[in-house]
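Novice: What shape does this take:
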Amino acid sequence: MDNRLIQRYISGHVSEDEKKQILNWLEADEQNMRHYMALRKLFNFELWRKEEKKETAFSRKLTLEILKIAAVFTLSFYVGGIFSDTSGKESVTMQSVYVPMGQHVELMLADGSKVWLNAGSRFFFPTCFSHDVRQVKLEGEGFFEVQTDKERPFIVCTPEYKIKALGTSFHVFAYEDTELFEASLLEGKIEVCDINRMQRIALSPNQKVSLENGRLKTLPIMHPDYFLWREGIISFDNEPVLAVMQKLEQYFDVKMNITNEQVKANHYHYTGKFRMRDGLEHILKVLQMKKRFTYQVDEDTNTIEIK
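Specialist: Below you'll find the predicted structure:
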């Protein structure tokens, strides 16, 4: 397999036929998958594009031993921005991960905690946690399985909220450029703090908090299928059309320009499951069956107009 084609596949610049060619190649032999994983770890696809312009070959080894990748077709992510945080008592080396659109990734942190990150998410974490706290930063959507450590709470910082846990499983939706926020608890116990309003809410299993009218509101978790995005599945259950469109914007990195007044009225709700790999247009075509609308894609502006 041509390494240049693999490079374009990782950066998302392949045709459907080329994509099928890569996937068939990956499934054909275990050695092919090992070769792909080696390339994915060795090269940062943003650096690839810079080197492409210079038309020079390069090899840069990128080692992140604490990252353990579990999914086979969701390995495309950008790791970079190693920096040092000296604001506390200890000097902590931080690392950052960016997950491209249409992808998701699983990480294992230094304490054994697991993190799943959804498309378009940025995650900042230390190579080694301090003695008194385990703190990470999330801009996007993540699912956490935290190792129990009563002496060191696990804190997820988002732009406006903090989620504190000791040992538990929970989910956070907190993309920076959207008003949507949600934190859901599956096991254990967490405390959600609104940094600006100093509002604190403790959750029990099968509860979540959502932002409504500027305040956090506690609700029951009605449909755990929502967390299937860790397996590459988007699930909606009786969600308002505007909320659906907002999430699709985040997952596929597009701007939805809704001019259809009936859709904007938000009277319609959607229920269904979609595979991320089937793409945005497939999802829109299925949604059209519920409420008739048309759409037009403008690739130059990365906008989809809903008419």
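
Novice: Show me the shaky parts of the stretch 151-300 of the chain.
Specialist: Regions of the stretch 151-300 of the chain meeting the criterion pLDDT under 70 cover residues 264-267, 290-291.

Novice: hey, where'd the strands end up in it?
Specialist: 154-157, 161-165, 169-174, 182-187, 190-194, 199-203, 207-212, 215-220, 233-240, 255-258, 269-275, 295-298 (DSSP state E, counting those that start in this stretch).

Novice: do the same with the stretch 1-150 of the chain
Specialist: So, for the stretch 1-150 of the chain - with DSSP E, counting those that start in this stretch - the strands run 78-85, 92-98, 105-108, 114-117, 122-126, 134-145.

Novice: how about residue 170, what does it touch?
Specialist: Going by CB atoms under 8 Å, 6 or more residues apart in numbering, residue 170 touches 143-144, 146, 163, 183-186, 188, 190, 203. C-beta here means a position set from N, CA and C on the backbone, and glycine is covered the same way.

Novice: Now do the contacts for the residue nearest the centre of the chain.
Specialist: Compute the mean C-alpha point of the chain, and by CA atoms, centre = their mean the closest residue is residue 118, 1.7 Å away. Neighbouring residues of residue 118 by CB under 8 Å, 6+ apart: 99, 104, 140-142, 229, 251.

Novice: Which two of those have the greatest separation?
Specialist: Greatest spatial distance among the contacts of residue 118 (CB to CB): 142 and 251, at 13.8 Å.

Novice: returning to what we had before: so for residue 31, which of the strands of the stretch 151-300 of the chain sits nearest?
Specialist: strand 269-275 (27.1 Å).

Novice: Tell me the buried residues in that closest one?
Specialist: By 16 or more other CB atoms under 10 Å, the buried positions in strand 269-275 come out as 270, 274.

Novice: ok, now stretch 270-289?
Specialist: Buried residues in stretch 270-289 (16+ other CB under 10 Å): 270, 274, 276, 280, 283-284, 287.

Novice: so how far is it from its chain's centroid?
Specialist: Centroid separation for stretch 270-289 versus its chain: 18 Å, with CA atoms, centre = their mean, to the nearest Å.

Novice: same thing with stretch 93-106?
Specialist: 7 Å.

Novice: Let the chain start at 157 from now.
Specialist: New numbering, starting at 157: the last item is stretch 249-262.

Novice: if we can go back for a sec, using a markdown table, lay out the strands of the stretch 307-456 of the chain together with distance to residue 463.
Specialist: Formatted as a markdown table, the strands of the stretch 307-456 of the chain follow (distance: least, CB to CB, whole Å):
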| stretch | distance to residue 463 |
| --- | --- |
| strand 310-313 | 39 |
| strand 317-321 | 36 |
| strand 325-330 | 28 |
| strand 338-343 | 30 |
| strand 346-350 | 38 |
| strand 355-359 | 40 |
| strand 363-368 | 29 |
| strand 371-376 | 33 |
| strand 389-396 | 19 |
| strand 411-414 | 9 |
| strand 425-431 | 18 |
| strand 451-454 | 7 |
